[in-house]
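> Attaching a predicted model along with its sequence, questions to come.
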Amino acid sequence: MIRVRFAPSPTGYLHIGSARTALFNWLYARHNKGKFLLRIEDTDRLRSKEEYLDEILGSLKWLFMNWDEDPTFQSRRFDLYKRYAEDLLKKGLAYMEGEAIIFKVEKDLTVSFDDMIHGKIEVSTNELKDQVLMKSDGTPTYNFACVIDDVEMKITHIIRGDDHISNTPKQILLYRALGLAIPNFAHMPLILSKDGGRLSKRHGATSIFEYKREGFLPEALVNYLSLMGWAPGEDREILPLDEIIKLFDIKDVNKTGATFDMDKLSWMNGQYIKDMDLADIVSRSEIFLKGNGIIDDKFDEARWSDIVKAYKERARTLEDFIGIYKIFFHDAIEYDEAAVEKYLKKSNSKDILNRCRVVLKSASSFNKASIEEAYRKLADDMKLKAAELIHPTRVAISGKTVGAGLFDMMELLGRDKVLKRLERFC
RNA sequence: GGCCUCAUCGUCUAGCCUGGCCUAGGACGUUAGGUUCUCAGCCUAAAGACUCGGGUUCAAAUCCCGAUGGGGCUACCA
C-alpha cells in the first residue's frame, strides 16, 4: 500500500508552491489508490500558530485535497524522538554535546539514492557534518524528526521539493543507523517567482485563500497547478480532476522549475466559468457576492441567473460579477469618465439619447427583440448607423463601453431603470 | 567558496530514455484579420525557442564531455 504525506509547518499560510507539493502527493496517492497523510511540523513552538494551521487545512480542503487518517503533530511526539536518539546514543552512533544529541557522520562513504524524478544522486559523506538530532532544548531537528515520523507513519514515497535533495543523504544515513527501510524519494522542482528566485512572501508566495478571495475557482486553480511541472500529454490542458488523477504519473514530472503565470491562470479560470453549468456558476457567484457583503438573503436569484447567463462567457473571475451585479441592482452606478466624454458629450448626444428615450418609453413591449427592432428603425429614420445609438446608450445605462449585448442589457435592466439612466444625459 | 541540481518560444510545456518521422508541436501572452452594437468569446494567421563550445555518429534538441547561466543546500530553521 502506497502511503505519502504532506508535511506543512504552521508558521505561515499555504501558498502556491506548497499547495503544488501537496497536490502532487495527493495525486500520486489517489492515482495509486494509496493513502495521503498529513503531518504538522510544529516543533517550532514560537512561530507555529493555530490560525495558520486552520488556514492550511482549509486551503487543502478548498482544493479538493482530502486526507486520510488523523494528522500527526510533531509537537506531541517529542518523547518518541528522544527514544530513538537515545537508542543511537546507546549504539555509540551518536554523542552528547552539552544537552544536545549529535549523530556521528562516518567519513569516506558514498550515499546514493534513486530519485524517481532525477534518477541516481550520489554524495560523499565527507561533505556532511555531524548532525544534531536533539537540540539542547529537548526538541528534535527537522532532519531527525522527519525520518522518525516517516518511518512511524509507514511512508513509502516521499514526494517533496527540490530544496530537500541535499537533506536526503543526511536522512538516509539516519535510516541506516537506525536499521530502518529507506523509502522512495521524488524531488520535484520548485515553483519560481517572476524574478526567477524562490517563492517568498515578498515574491509571489500568495496565500491560496487570496486566490479564493479574488474569485478564482478551485477547479481552475488545481488544474493550473497540476500543469506546473507535469503535462498529461496529447496537448491537453483543461481537464477535470478525475482525469488528472487517472493520467498523473510521478515519472512524468519535469526536472525544471516553473514560473507561475497569473495570465494563464486567469485565462483558465475564465474557461471554467464559461463552460460551467449555468446553475452552478449562478450559485457560486451568489456565494461569492454574499461573502463580499454585496447581497443578502432577499435577492432576486431568477433575475441574477439571467444576468449571469449574459455575462458568464466574458467573466474571468467571480470578482467580475461584483461590478456586473452593481450595474443591474444598484440605483447609482459608476461612470467611466473617459467613456462619458467620448460617447455622451458630443453635440448631438442629447438629441440622440432623447429620441431613444422617447422610443423606449412608448414601445408596447420591452424585450430584447422589440427593443432592437425599435432601435434599428430609429437609426434608419435618423439616417444614422445603429452603432451611433447603441454605444451612447450603453454608456448611459451601464457607465461602461464594455459588457453584454446592449439589447440583452436593456431587457435585463428593465424599462424603468433604462429610462431613468437615459434621462440623466438628455 | 564547496557540494547537489537544472538548462526547448517572454511564460507553461510536447519531443529527449529507445538519435533520423523536428524546416521543433500545443497553450497563455503579444500582433494582425474575421464574426459582432462594444468588450469578451469563438475562428484564422503571424512573430517567437533547442544556452554556448567540443565530441560520438552517415545523422543530435535527443548520447558524452566541458564552459556558462539559473536554482538549492552548506543552522541546535523547517
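Perfect, thanks for sending it.
> From here on, just use CA atoms for contacts and neighbour counts.
Noted.
> Just the buried positions in the worst-scoring helix or strand of chain A on mean pLDDT, please.
When the helices and strands of chain A are scored by mean pLDDT, DSSP states H and E, helix A:337-344 comes last with a mean of 78. Going by neighbour count (16 or more other C-alpha atoms under 10 Å), the buried part of helix A:337-344 is A:339-340, A:343-344.
> In CSV, list those residues along with distance to RNA strand B.
Formatted as CSV, those follow (distance: C-alpha to the nearest atom of the strand, whole Å):
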residue, distance to RNA strand B
A:339, 10
A:340, 13
A:343, 11
A:344, 15
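> And the pLDDT at the residue lying farthest from the centre of chain A?
Distance to the chain centre peaks in chain A at residue A:381, reaching 53.4 Å (criterion: C-alpha atoms, centre = their mean). On the pLDDT scale, residue A:381 is placed at 84.
> circling back to that earlier point, which residues are in contact with the least confident helix or strand of chain A?
With contacts defined as C-alpha atoms under 8 Å, 6 or more residues apart in numbering, helix A:337-344 is touched by A:349-350, A:391-392, A:395-396, A:399-401, A:425.
> let's see it at 6 Å
residue A:392 (C-alpha atoms under 6 Å, 6 or more residues apart in numbering).
> Skip ahead from that helix and say which helix or strand is next.
The first helix or strand that comes after helix A:337-344 along the chain, using DSSP states H and E, is helix A:349-362.
> how long is stretch A:44-52 end to end?
In stretch A:44-52, first residue to last residue: 13 Å (C-alpha to C-alpha, to the nearest Å).
> That one and RNA strand B in contact?
Yes: for stretch A:44-52 and RNA strand B, the contact criterion (C-alpha under 7 Å from any atom of the strand) is met by residue A:44.
> Can you give the contact residues for that stretch?
A:10-13, A:42.
> Redo these as CSV? Include pLDDT, neighbour count and secondary structure.
Shown next, in CSV, are the contacts of stretch A:44-52 (pLDDT from 0 to 100; neighbours: other C-alpha atoms under 10 Å; DSSP: H, G, I helix; E, B strand; the rest coil):
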residue, pLDDT, neighbour count, secondary structure
A:10, 93, 24, coil
A:11, 90, 18, coil
A:12, 89, 17, coil
A:13, 91, 25, coil
A:42, 92, 21, coil
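> how about those residues, which pair is most distant?
In these, the most distant members under the criterion C-alpha to C-alpha are A:13 and A:42, with 13.3 Å between them.
> in the helix or strand encompassing residue A:60, what counts as buried?
Residue A:60 belongs to helix A:50-62 when assigned by DSSP H and E. Across helix A:50-62, burial judged by 16+ other C-alpha under 10 Å covers A:52-53, A:55-60, A:62.
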